[in-house]
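Enquirer: coords please:
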Amino acid sequence: MRNIVTTIVLSAAVLANAQTEVLQSSYSFSDGDHPTVVVGFDNSDADAVENWYKNQLKDISKDVSSKKELRAQGARVPEVAPDTMTVLCKAEQGKKSTRVMLHLAFRYHGNWISKDGDDQLVKGAERYAYMLAVRYKKQVLEAVLGNEQKSMGKMESDLAGLEKEKARAENGIEKNKSKGQEATGEKAKAEKDLKDNETSVASKHAAMGTNPTEEEAKQFQELVKDGTKLKEKIAKETKNISDAEAKVKELEDEVKKLSSDIEVKRREVEEQKKKVEDAQKAAGGVN
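Expert: Residues are numbered from 1 along each chain as shown. Predicted coordinates:
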């Protein structure tokens, strides 16, 4: 069935809304002209249609050959007659045409069923042709529906992924804002501690005079070392603030883009919902 969908350029609405008509006609098969019942399919492909009918005939026949046309030997078609018969099938399509005419010929008890023959056999052949045509269109349209639903699922999954990415980015913004605020607080504390340290260093230096004791010198060096550490901390927190601000800006740009992508994807999802609804109506309205 996938081959039908990928091979045929289908218009689901046309297939579904077009009333299936069975007409009496004839066709020049490889062994001569025979009366046929014929049905038409718009926006279809002869090879795909004929291949589908071949599979249907295989299910009811002893043998099906396909050299010039489909020839089903020993076919059991109870819709037409109780005994086995030979069924010929050929899909006809003109150049540059998208309309396919499917011919079915039935040979029963040595005679070809025709409009001038037994009325019950003729009606049975028409009934069988109608049944197969509706079955074909329904399967095609159900495959179209399946494809549309699959596309819908993919779009919804993509939308969920975008929304998840946006939530992640928004969460990242809040985390980095908190990091920036924490770094700002740590920097402010370090700057205050550095001022206090510088005051202590100056006081200690003045108190020591020119001939400090070993203990005084040690205490002075500890104060200087503390000052160095505070300067390093201030530099570190300054970088943390800058990094957090840059990350927030990056994530805000990402959120902006994701928001735009989400709106586009939501519109695509809504449009796809309409396609799915149309395909459901088409599949349910085959006649």
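Enquirer: for stretch 251-262, output the C-alpha coordinates as CSV.
Expert: Taking Å, rounded to 0.1, in the frame of the first residue of the first chain, the C-alpha atoms of stretch 251-262 are listed here in CSV:
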residue,chain,number,x,y,z
LEU,A,251,19.7,32.4,26.5
GLU,A,252,17.3,35.3,26.0
ASP,A,253,18.2,35.4,22.3
GLU,A,254,17.7,31.6,22.2
VAL,A,255,14.3,32.0,23.9
LYS,A,256,13.3,34.7,21.4
LYS,A,257,14.2,32.4,18.5
LEU,A,258,12.5,29.4,20.1
SER,A,259,9.4,31.4,20.7
SER,A,260,9.3,32.3,17.0
ASP,A,261,10.0,28.7,16.0
ILE,A,262,7.2,27.5,18.3
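Enquirer: what helices and strands are in contact with the helix or strand hosting Lys236?
Expert: According to DSSP states H and E, Lys236 maps onto helix 214-284. Helices and strands touching helix 214-284, by 3 or more CB pairs under 8 Å, 6 or more residues apart in numbering; DSSP states H and E, are helix 12-17, helix 119-208. (C-beta placed from N, C-alpha, C; glycine too.)
Enquirer: for Lys67, helix, strand, or coil?
Expert: Lys67 carries the three-state label coil when classified by DSSP: H, G, I helix; E, B strand; the rest coil.
Enquirer: hmm, back to that, ok, which of the helices and strands packed on helix 214-284 comes nearest Lys249?
Expert: helix 119-208 (9.5 Å; CB to CB).
Enquirer: returning to that earlier point: ok now the helix holding Lys236, how far from the chain's centre?
Expert: On the basis of CA atoms, centre = their mean, to the nearest Å, helix 214-284 is displaced by 31 Å from the centre of the chain it belongs to.
Enquirer: same question for stretch 95-110.
Expert: 36 Å.
Enquirer: dump that stretch to PDB, restricted to CA.
Expert: Below are the C-alpha coordinates for stretch 95-110, written out as PDB (Å, rounded to 0.1, in the frame of the first residue of the first chain):
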ATOM      1  CA  LYS A  95      -0.200  10.100 -22.200                       C
ATOM      2  CA  LYS A  96       0.000  13.100 -19.900                       C
ATOM      3  CA  SER A  97      -3.400  11.900 -18.400                       C
ATOM      4  CA  THR A  98      -3.900  11.400 -14.700                       C
ATOM      5  CA  ARG A  99      -7.100   9.300 -15.300                       C
ATOM      6  CA  VAL A 100      -6.800   5.500 -15.300                       C
ATOM      7  CA  MET A 101      -9.500   3.300 -16.800                       C
ATOM      8  CA  LEU A 102      -9.500  -0.200 -15.300                       C
ATOM      9  CA  HIS A 103     -11.000  -2.900 -17.600                       C
ATOM     10  CA  LEU A 104     -12.200  -6.200 -16.300                       C
ATOM     11  CA  ALA A 105     -13.300  -9.000 -18.600                       C
ATOM     12  CA  PHE A 106     -14.900 -12.300 -17.400                       C
ATOM     13  CA  ARG A 107     -15.000 -15.600 -19.300                       C
ATOM     14  CA  TYR A 108     -17.500 -17.900 -17.800                       C
ATOM     15  CA  HIS A 109     -18.400 -21.400 -19.100                       C
ATOM     16  CA  GLY A 110     -16.600 -20.600 -22.300                       C
END
